[in-house]
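Asks: Curious how this folds, go ahead:
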Amino acid sequence: MSEGKQRRLGAVATDLNVGKATIVDFLKGKGFADVNFNSKLDENMYNLLVDEFAADRKLKMEAEAKAEILQARKDERMAAAEEKEEEKKDEVIKAAAEKVEGPKVKGTINLEDLNPEVRKKKLAEEKAKKEKEEAEAKAQAAAKADAEAKAKAEAEKEAAAEKEESEVIKAKVEKLAGAKVLGKMELPVEKPREKKPVATSNDSADKKRKRKRVRRPVQGEPNVGGGKGNRPRDKKPELTDEEIQKQIKETLARLSGGSSKSKGAKYRREKRQAIQERMEAEEEQMELEKKILRVTEFVTANELAKMMDVPVNDIIAACMSLGLFVSINQRLDAETLSIVAEEFGHEIQFVSAEVQDSVLEEEDNPDAVVERPPIVTIMGHVDHGKTSLLDYIRDANVIAGEAGGITQHIGAYGVELEDGRRIAFLDTPGHEAFTAMRARGAQVTDIVIIVIAADDSVMPQTREAINHAQAAGVPMIFAFNKIDKPGANADKIREELSQMNILVEDWGGKYQCEEISAKTGKGVEELLEKVLLEAELLELKADPTKRAVGTIIESELDKGRGYVSTVLVQAGRLKIGDIVLAGSYSGKVKALFNERGQAMQSAGPSMPAQLLGLDGAPSSGDKFNVMEDEREAREIAARRLQLQREQGLRTQKHITLDEIGRRIAIGDFQELNLIVKGDVDGSVEALSDSLLKLSTEKIAVNIIMKGVGQISESDVLLASASDAIIIGFQVRPSVNARKVADQEQIQIKLYSIIYDAIEEVKAAMEGMLAPEFEEKIMGNIEVREVFKISRVGTIAGCMVLDGKVNRNTKVRVIRDGIVVYTGELASLKRFKEDVKEVSKGFECGLNIDKFNDIKVGDIIEGYEIVEIKAKL
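Replies: A predicted model of the protein is given here:
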């Protein structure tokens, strides 16, 4: 390489497999202030970068080499299969070309039948045709049976009717002609009496007749008597009990009002009464509204407790009574929410129903359904070898990239076996803080491998993983790892599992197990065969032609690429350019990568992929759907985000008078406000849950904000406003954020191992608590002689019986077992010299400050107050 040769920064970034921003930050840290994304790098800069990022470059080269080796093996297998197929075809053609005397055509051979795909298709068609014929035959037989039964029933009915007719005895009856009219007779009719007119003073021949008021018929009524006669009065409807009571109340109200009141007073009284009734109705409605909780589905136990204003331990206890083991921040499903809320006298209304219903999943096409690879989740206790097993299967080294050698993320990997079959693996953390991650892994999987170290025992996280798998109804396969170690005892593990009512096949149970060594590879192939056997029994199928549906495994904010989401496609096919809706975020798929960082054009069923293009970081465990309309996806995402914000506002617990009284009673109540930022959503959730569990009666932990991505300037300003500490988990602050933090004196704590973060926050909380004080006895002194000196006071000549006494030691004067004085020493001497301390077995003279009533035989007890650090 020549001395003056320069390289473009972008080309160097591609070569070293790192981001441009990372290179710029590194060079600026080394003193190259003028570097930007378009700079050319000299030899010195390039050598510094090669030394710094040699490991990334090596990983990239190894990944490319392994990809080439895998592709070469695949090409060799395909070439061998094609060569074998050609040999079969040549043998058939050669046999057909041979001439035999008196050729007889016994049959024909269709070369297409040798193709396994054509043969499979024909077998499927024949099977479908046979099933169709059987179904038609069954339908014809059923129709024939129905017709015969109907005919038989009609015949029986006719026979019964004929029998009845034959048994009936008909009577002979002559028909009567009717009554004969012999004559008519008129009965006397009483005439109505006419009213005589009343005589008046102006009675005359031309007097006026009294006018009759004729009622006009209502529209639709018959005009009885032509409008001149009186219409018959309608019968009044009977009054109900409620109407009678109402009339009685009105009458009593009028009577109680008195006749002396004016109409205005009556009106005002009625108005006041109406207002009072309306207010009572509104108060009653508000009381009912308080009992109704409007929530979105999958609310956490902690949020539900805040809404109902009950301790979260009561919620967890209620769930345990239902047979559910939940953590403080574990999301509850709709059915569990309804049952738990009803137990505390509340009613649940799910406000997200219309939003959820608006996403319609496309149904499978029966003709396009094919078998899909199984999704296998590896679970177990921390450091039992889960990731080591996956490393051996993938021929990779994931552990080398994990801080502290423990898995702190949930990873998704696709593995292709030598025979061409594929398996999708999910690797879950085993640390106790990652309960929610293990629960998500059990929800999206088809099969669970429980890894247990043969030199250990069934640990708490192992039991929790088994409970998650049983709750999800997923078949389990047990792998007894580290079988090559000297202290390995697989039968002990089998015995402990049997105590949990889990019997493996070796002991006559239904659960498969295998003894393996993830280090040497012993038993791994047999374990994979058992996984594939279990998958065949499950008959896993999916439609790869429909719009993709799947689950968000992890999401993070990458400085160079934006929001990156690890997804697992469960059905359909995810392609570049698709419109994706995931939780409260949406976007268009810009790029797809596999777990090794290689670009993909699409991802089919049971394939994990890294997706670029979403406008945010969706929560781990959220479902994603491919939508047809981008506008519809944005609208649904906006509605979900609004509901999520409303949910957050409803769960904020404001301080009450009772809470103020409680804090005053405690006296030294403290609060620790935290802002949590992490690299992926799952780690942020796990760390936040663990920190919240540290809260006690005397000190409360408040998570002001949590999110993924770099610590930004706005995070520091929020911490300044809320007097919070920033916790960064595998992330770093930006340059501006660090400057603002220094100016505002905001503490930023950075961690890469989760239990380090938990321990340090716990230590900080203990430092906030007021120290406790304990009394420590230093020694006992017996008074042997008393001397009274003027202007000085009483001097006691003493012997130190045990321990030692210091000049600054606090003392008690004990006489006959009763404390008569408590104070401090005024002086301490041996012979005539002042001394700092006197040990056991030595004599001394002492004077007690402001106390002269010392007598021979008194015991002087020396003690000091020791400060003890408070513990949580």
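Asks: C-alpha from now on. contacts and neighbour counts both.
Replies: Fine.
Asks: per-residue confidence averaged over the helix or strand hosting A469?
Replies: Using DSSP states H and E, A469 sits within helix 460-472. On average, the pLDDT along helix 460-472 is 81.
Asks: Could you look up the next helix or strand downstream of that helix?
Replies: Where DSSP H and E defines the elements, the next helix or strand beyond helix 460-472 is strand 476-481.
Asks: which residues touch that next one?
Replies: Residues outside strand 476-481 that contact it (CA atoms under 8 Å, 6 or more residues apart in numbering): 384-385, 447-454, 469, 490, 493, 511-518, 527, 531.
Asks: Against which helices or strands is the helix holding A469 packed?
Replies: Judged by 3 or more CA pairs under 8 Å, 6 or more residues apart in numbering; DSSP states H and E, the packing partners of helix 460-472 are strand 375-380, helix 435-444, strand 447-453.
Asks: and the angle for it with strand 375-380?
Replies: Relative orientation of helix 460-472 and strand 375-380, computed by axes from the mean of the first three to the mean of the last three CA atoms, to 10 degrees: 150 degrees.
Asks: Measure how far helix 460-472 is from the centre of its chain, please.
Replies: Between the centre of helix 460-472 and the centre of its chain there are 16 Å (CA atoms, centre = their mean, to the nearest Å).
Asks: mind listing what's buried in that helix?
Replies: By 16 or more other CA atoms under 10 Å, the buried positions in helix 460-472 come out as 461-469, 472.
Asks: ranges for the helices of the stretch 451-600 of the chain?
Replies: Secondary structure of the stretch 451-600 of the chain (DSSP state H, counting those that start in this stretch): helices at 460-472, 490-499, 524-538.
Asks: Out of the ones you listed, flag the one nearest R278.
Replies: helix 460-472 (50.1 Å; CA to CA).
Asks: residues in contact with G29?
Replies: Residues near G29 by CA under 8 Å, 6+ apart: none.
Asks: quick one, phi/psi of the spatially closest residue to K492 that is not a sequence neighbour?
Replies: Nearest non-adjacent residue to K492, counting by CA to CA, 6 or more residues apart in numbering: S457, 7.7 Å away. The phi/psi pair for S457 (degrees, to the nearest 10) reads phi -140, psi -180.
Asks: I493 is in contact with S457, correct?
Replies: Yes - using CA atoms under 8 Å, S457 and I493 qualify as a contacting pair, with a distance of 6.1 Å.
Asks: can you redo the helices of the stretch 451-600 of the chain as JSON lines with distance to E630?
Replies: Below are these laid out as JSON lines (distance: least, CA to CA, whole Å):
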{"stretch": "helix 460-472", "distance to E630": "34"}
{"stretch": "helix 490-499", "distance to E630": "51"}
{"stretch": "helix 524-538", "distance to E630": "36"}
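Asks: right, and those - which one's nearest S722?
Replies: helix 460-472 (36.1 Å).
Asks: orientation of that closest one relative to strand 476-481 in degrees?
Replies: Per the same axes, to 10 degrees, the angle that helix 460-472 makes with strand 476-481 is 160 degrees.
Asks: Can you give me the neighbour number for F478?
Replies: Residues near F478, counting by other CA atoms under 10 Å, number 21.
Asks: and the helix or strand containing K829, which strands flank it?
Replies: Assessed by DSSP H and E, K829 sits inside strand 818-830. Sheet neighbours of strand 818-830, with direction, are listed as strand 810-815 (antiparallel), strand 833-834 (antiparallel), strand 843-848 (antiparallel) (DSSP bridges).
Asks: what residue ranges in the stretch 151-300 of the chain score low on pLDDT?
Replies: Applying pLDDT under 70 to the stretch 151-300 of the chain flags residues 158-237, 253-263, 288, 296-298.
Asks: Repeat the analysis, applying 80 as the threshold.
Replies: Segments of the stretch 151-300 of the chain classed as low confidence (criterion: pLDDT under 80) are 151-239, 241-242, 249-250, 252-267, 269, 283-299.
Asks: Which of the helices and strands packed on helix 460-472 has the lowest mean pLDDT?
Replies: Mean pLDDT is lowest for helix 435-444 among those, at a mean of 57.
Asks: hmm, who's touching the strand holding K829?
Replies: Residues outside strand 818-830 that contact it (CA under 8 Å, 6+ apart): 807-814, 834-837, 843-849, 851.
Asks: pLDDT of it, averaged?
Replies: Per-residue pLDDT values over strand 818-830 give a mean of 91.
Asks: Can you list the buried residues in it?
Replies: 821-822, 824-825, 827-830.
Asks: And for stretch 481-494?
Replies: Burial within stretch 481-494, assessed by neighbour count using 16+ other CA under 10 Å, is assigned to 481-484, 488-490, 493-494.
Asks: could you list every residue that touches the closest residue to G862 other than its chain neighbours?
Replies: Nearest non-adjacent residue to G862, counting by CA to CA, 6+ apart: V811, 4.5 Å away. Residues near V811 by CA under 8 Å, 6+ apart: 822-825, 860-863.
Asks: what's the answer for K20, then?
Replies: Per CA under 8 Å, 6+ apart, neighbours of K20: 9-10, 13, 37, 560.
Asks: Just the buried ones from these?
Replies: Among the contacts of K20, those classed as buried by 16+ other CA under 10 Å are 9-10, 13.
Asks: Of these, which is the nearest to C798?
Replies: The shortest approach to C798 among the buried ones among the contacts of K20 belongs to A13, at 83.4 Å (CA to CA).
Asks: Looking at L503 now. What's its pLDDT?
Replies: L503 is given a pLDDT of 88.
Asks: distance of R830 from K94?
Replies: Distance, R830 to K94, by CA to CA, to the nearest Å: 125 Å.
Asks: next one: K249
Replies: From K249 across to K94, the span is 112 Å (CA to CA).
Asks: isn't P374 right up against I423?
Replies: Yes - here P374 reaches I423: they are 5.5 Å apart, a contact under CA under 8 Å.
Asks: Give the residues shared as contacts by the two.
Replies: Common contact partners of P374 and I423 (CA under 8 Å, 6+ apart): S606.
Asks: out of these two, which sits in the busier spot?
Replies: More crowded of P374 and I423, by other CA under 10 Å: P374, with 27 against 20.
Asks: pLDDT wise, what is S498 at?
Replies: 89.
Asks: For it, give me its contacts.
Replies: Per CA under 8 Å, 6+ apart, neighbours of S498: none.
Asks: could we number from 251 for the rest of this?
Replies: With 251 as the first residue, the last one maps to S748.
Asks: biggest helix in the chain, by residue count?
Replies: helix 366-417 (DSSP state H).
Asks: For the helix or strand hosting I954, buried residues please.
Replies: Using DSSP H and E, I954 sits in strand 949-958. Buried residues in strand 949-958, defined by neighbour count with 16+ other CA under 10 Å: 949-958.
Asks: Report the two of the residues you listed separated the most.
Replies: Spatial extent of the buried residues of strand 949-958 (CA to CA) is set by the pair I949 and V958 at 26.5 Å.
Asks: quick revisit: next one: the strand holding K1079 to chain centre, how far?
Replies: Averaging C-alpha positions (CA atoms, centre = their mean) puts strand 1068-1080 65 Å from its chain's average.
Asks: Please apply the same query to stretch 940-955.
Replies: 20 Å.
Asks: Quick check: end-to-end length of that stretch?
Replies: Per CA to CA, stretch 940-955 runs 15 Å from first to last residue.
Asks: ok, now stretch 537-557?
Replies: 15 Å.
Asks: quick one: low-confidence parts of the stretch 901-1050 of the chain?
Replies: In the stretch 901-1050 of the chain, residues with pLDDT under 80: 901-920, 931-932, 947-948, 1005, 1014-1023, 1041.
Asks: Okay, helices next: where are they in it?
Replies: Going by DSSP H, counting those that start in this stretch, the stretch 901-1050 of the chain shows helices at 907-916, 931-942, 963-972, 985-994, 1004-1018.
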